[in-house]
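Visitor: Using only what follows, build the 3D model:
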Amino acid sequence: MRNEAGVKNNSELISAVVTSYNHAEYLDQRMESLLNQTYPNLEIVVVDDCSTDGSAEVLTKYRKLPNVTIILLEQNQGYANTSNLGVSLCRGEYIIFAECDDYSEPEQIELLYAALSRHDSAAAAFSRSTMVDEAGRITGDDFSFRDPEFRLHCSSDALIEAKLMRRFLMFSCVIPNMSAAMFRKRSFERIGGLSSSFMACADWDFWCRMAEEDDFFYVTRPLNNFRSHSTTVRNTYNISMYLSEIYEITFKTYCNSNLQFSDRIRFKYNMGVIWASYLSAPLGWLAALPRVWLLTLKYEPLLIIYMFYAASIKVAFNLTKFYRRVGCTKVTSENH
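Guide: Numbers count the residues shown, from 1 in each chain. Below you'll find the predicted structure:
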C-alpha cells in the first residue's frame, strides 16, 4: 500500500536516497517500489543529477507526496557527489541508496532495518539480489557468482565480522550494487561518504573503507532487483578506468589486512586472473597497463609474476578453445 501519509513518529525514520541520472524509463518502477514498502516511516530524497532524458518530468508527479523530496541539480555533479548530497539532506539515521534503475521488494526496508536493529556491531545490512534485464526479466542472482567461502558463510542469515568482510571484498565486490544495502548514517559520516576519486567502483571503495572497523550483516532473502543494461555506471566507463580502480581499491585493502600466507598467495593469483580476464576484451586493458604496473610495483612487485602466469594460462586456454573449434569444423566439413 502506498505510503501517502508522510513520515510517522511511532517508528525509526529511515531515508532512501535515489540518485537519478538519465534513466527516465525506470524511474516510475523505482519510485513505486519505495512508496509501496511495508515499513511505515520512510522518507525518500531524490537528487536528479542534471538529467537530459526527461527524468525531471517523470519525477514531477511525486513532488506533492509529503514523504518525498525532489532536488533537481542544474549542473552535473557525478555519482559520488550527488549521493553525498542526498545523504546530507536525510533526517534518518538509517539510509539506503536506492539506485534509479533498480527496484525493491516490498519488505526490503523492513527486513534490512530489522537486521541492523538486532546487531549493534553491524554498520550495514545487505541482501541477495535478483538480477534482471532491461525489461525486468529475471536472469539469475548475484549469490551464485560469489566465492565458495562467502556462499558457505552466508548460506543462511549471518553476521560478517569486519576482518572477514575485508577478505571477501579483497576478492570481489560482494555487495553487487548500492541498492542491496542499508547502512547507519554515523558510519557513513565516519568514513567521509563516497569518494569522488573513483568513477566506476566508488561503491566497492566505500564498503572496503567501512569494513576497516565495522561488521556487516547478510540477509539471504532476495530483496533487491539489480538491473543490468548497457548504460549502467560500470558499463559506461572504459576497461582502462575500471581495471585501474579495481587494482587500487583491492591493493589498499590487501595492505591494510593482516593475511595468512595462503590468503596472500590467493590474492596475488586472483589479481593476475582479473588482469588476464581482460586480455580478450577490447584493447582498453592496454591503456590501463601503466597505471596497473605502477600500483603493482608500489604495493606488491612480485605480483607481476602472477600476472604473467595467469595471462599465460588465459592465452593457453583460448588457444585450446580455438584449436578445438577449428578441429570440430574440419571434422564436420569432412563428414559432409
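Visitor: Could you measure from L243 over to I249?
Guide: 11 Å (CB to CB, to the nearest Å). Heads up, the C-betas are built off the backbone N, CA and C, glycines and all.
Visitor: same question, S20
Guide: On the measure of CB to CB, S20 and I249 end up 26 Å apart.
Visitor: ok, the two, which is more surrounded?
Guide: S20 (29 against 23; other CB atoms under 10 Å).
Visitor: Alpha carbons of stretch 101-121, as CSV, please.
Guide: Extracted C-alpha coordinates of stretch 101-121, given in CSV (Å, rounded to 0.1, in the frame of the first residue of the first chain):
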residue,chain,number,x,y,z
ASP,A,101,17.4,1.8,-12.4
ASP,A,102,16.8,-0.9,-9.7
TYR,A,103,13.7,-1.6,-7.7
SER,A,104,12.9,-3.1,-4.3
GLU,A,105,10.8,-5.9,-3.0
PRO,A,106,8.1,-4.6,-0.6
GLU,A,107,9.7,-5.9,2.6
GLN,A,108,13.3,-4.7,1.8
ILE,A,109,13.4,-1.7,4.2
GLU,A,110,11.6,-3.5,7.0
LEU,A,111,13.9,-6.6,6.9
LEU,A,112,17.2,-4.8,6.5
TYR,A,113,16.3,-2.4,9.3
ALA,A,114,15.3,-5.4,11.5
ALA,A,115,18.7,-7.0,10.9
LEU,A,116,20.6,-3.8,11.9
SER,A,117,18.3,-3.4,14.9
ARG,A,118,19.3,-6.9,16.1
HIS,A,119,23.1,-6.4,15.5
ASP,A,120,24.6,-3.3,17.0
SER,A,121,28.1,-4.0,15.7
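Visitor: can you pull the buried residues of it?
Guide: 101-105, 108-113, 115-116 (16 or more other CB atoms under 10 Å).
Visitor: now swap in stretch 32-50 and tell me
Guide: 33-35, 37, 39, 41-50.
Visitor: Check stretch 122-133 too.
Guide: A122, A123, A124, A125, F126, S127, R128, S129, T130, M131, V132.
Visitor: if I look at the closest residue to S187 other than its chain neighbours, how far off is C255?
Guide: Closest residue in space to S187, ignoring its immediate chain neighbours: A123 at 3.8 Å, by CB to CB, 6 or more residues apart in numbering. In this view, A123 and C255 are 21 Å apart by CB to CB.
Visitor: again, but for T52
Guide: Counting by CB to CB, the gap from T52 to C255 is 41 Å.
Visitor: Likewise for F217?
Guide: Relative to C255, F217 is positioned 26 Å away (CB to CB).
Visitor: quick one, which of the two is more surrounded?
Guide: F217 (24 against 11).
Visitor: Quick one: list the elements packing against the helix or strand encompassing the more buried one.
Guide: Element membership for F217 (DSSP states H and E) is strand 215-227. Using 3 or more CB pairs under 8 Å, 6 or more residues apart in numbering; DSSP states H and E, the elements in contact with strand 215-227 are strand 103-104, helix 108-118, strand 122-132, strand 158-160, helix 162-171.
Visitor: is it possible to export the ones you listed to a markdown table including mean pLDDT?
Guide: Shown next, in a markdown table, are the helices and strands packed on strand 215-227 (pLDDT from 0 to 100):
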| stretch | mean pLDDT |
| --- | --- |
| strand 103-104 | 98 |
| helix 108-118 | 98 |
| strand 122-132 | 97 |
| strand 158-160 | 98 |
| helix 162-171 | 92 |
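Visitor: mind putting these in TSV, distance to I96 included?
Guide: Listed next are these as TSV, based on distance: least, CB to CB, whole Å:
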stretch	distance to I96
strand 103-104	8
helix 108-118	7
strand 122-132	10
strand 158-160	18
helix 162-171	18
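Visitor: L294: which of these is closest?
Guide: Smallest distance to L294 across the helices and strands packed on strand 215-227 (CB to CB): 19.8 Å, for helix 162-171.
Visitor: For the residue nearest to Y21 when sequence neighbours are not counted, give its distance to D142.
Guide: Nearest non-adjacent residue to Y21, counting by CB to CB, 6+ apart: D49, 4.4 Å away. D49 sits 25 Å away from D142, going by CB to CB.
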